[in-house]
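**Q** Predicted coordinates and the sequence they were generated for:
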Amino acid sequence: MNKQSILSPKTWIRFIFMLIYATALYFALFLVASISLLQFLFVLFTSKTNTELTDLNKHVMTFYTDTVSILLYQTEVRPFPFKNASVSSESDLKLEENANQKESLENVESKKLNEHIKEQDLFSEEKAPYEDDYVSYDNDFMERKDEKSDASKD
């Protein structure tokens, strides 16, 4: 045992905050159940979700993530109300970073596809080989020009 950590006020203050946040997390579970029931009722009667509840969901999820992180010693940053609201949680930053990476990959793939299309010249206005050999009648069938010229000779 480390006597210094046992007597440290910082350790005991953290323990008190952990008890408070564990209790808050317990009550937040009832809040989540209530929000999900309300959201279900909105979808049931209006066929769409309530945007205000969706925004509240984001805050509740952030609180949950931050609280569990501090309870499991993943971070020392205290969640709401001590956390600055303008600062995103670490998980939000990771999600945003992943979204940006995905978007940049999609842009790269799109550029490569466009280059490939240009190389293949798929959208060129050049005529296909032997296109001049055929004449269209009422868009129902195609006849070869030489067959037409043979038929007109008769």
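**A** Yes, it's here. Residues are numbered from 1 along each chain as shown.
**Q** top helix in the protein by residue count?
**A** Assignment by DSSP state H gives helix 9-46 as the longest helix of the chain.
**Q** Show me what counts as buried in that one.
**A** Buried residues in helix 9-46, counting neighbours by 16 or more other Cβ atoms under 10 Å, are found at 21, 35, 39, 42. C-beta coordinates here come from the backbone N, C-alpha and C atoms, glycine included.
**Q** Same check on stretch 70-84?
**A** By neighbour count on 16+ other Cβ under 10 Å, the buried set for stretch 70-84 is 70-71, 79, 83.
**Q** Could you do stretch 59-67 as well?
**A** For stretch 59-67, burial by neighbour count (16+ other Cβ under 10 Å) applies to 62-67.
**Q** With pLDDT added, can I get those in CSV?
**A** Below are the buried residues of stretch 59-67 laid out as CSV (pLDDT from 0 to 100):
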residue, pLDDT
62, 90
63, 90
64, 90
65, 91
66, 91
67, 90
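**Q** closest to residue 107 among the buried residues of helix 9-46?
**A** Distance to residue 107 across those (Cβ to Cβ) is lowest for residue 39, with 34.1 Å.
**Q** and the closest one, what pLDDT?
**A** You'll see residue 39 listed with a pLDDT of 94.
**Q** show me the residues around it that make contact.
**A** Taking Cβ atoms under 8 Å, 6 or more residues apart in numbering, we find residue 39 in contact with 49-50, 53-54, 57.
**Q** I'd like the buried residues of stretch 59-67 written out as CSV, with secondary structure and distance to residue 2 added.
**A** Formatted as CSV, those follow (DSSP: H, G, I helix; E, B strand; the rest coil; distance: Cβ to Cβ, whole Å):
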residue, secondary structure, distance to residue 2
62, helix, 34
63, helix, 32
64, helix, 31
65, helix, 30
66, helix, 27
67, helix, 26
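**Q** Find the pair from the residues you listed with maximum spatial separation.
**A** Using Cβ to Cβ, those span at most 9.4 Å, a distance reached by 62 and 67.
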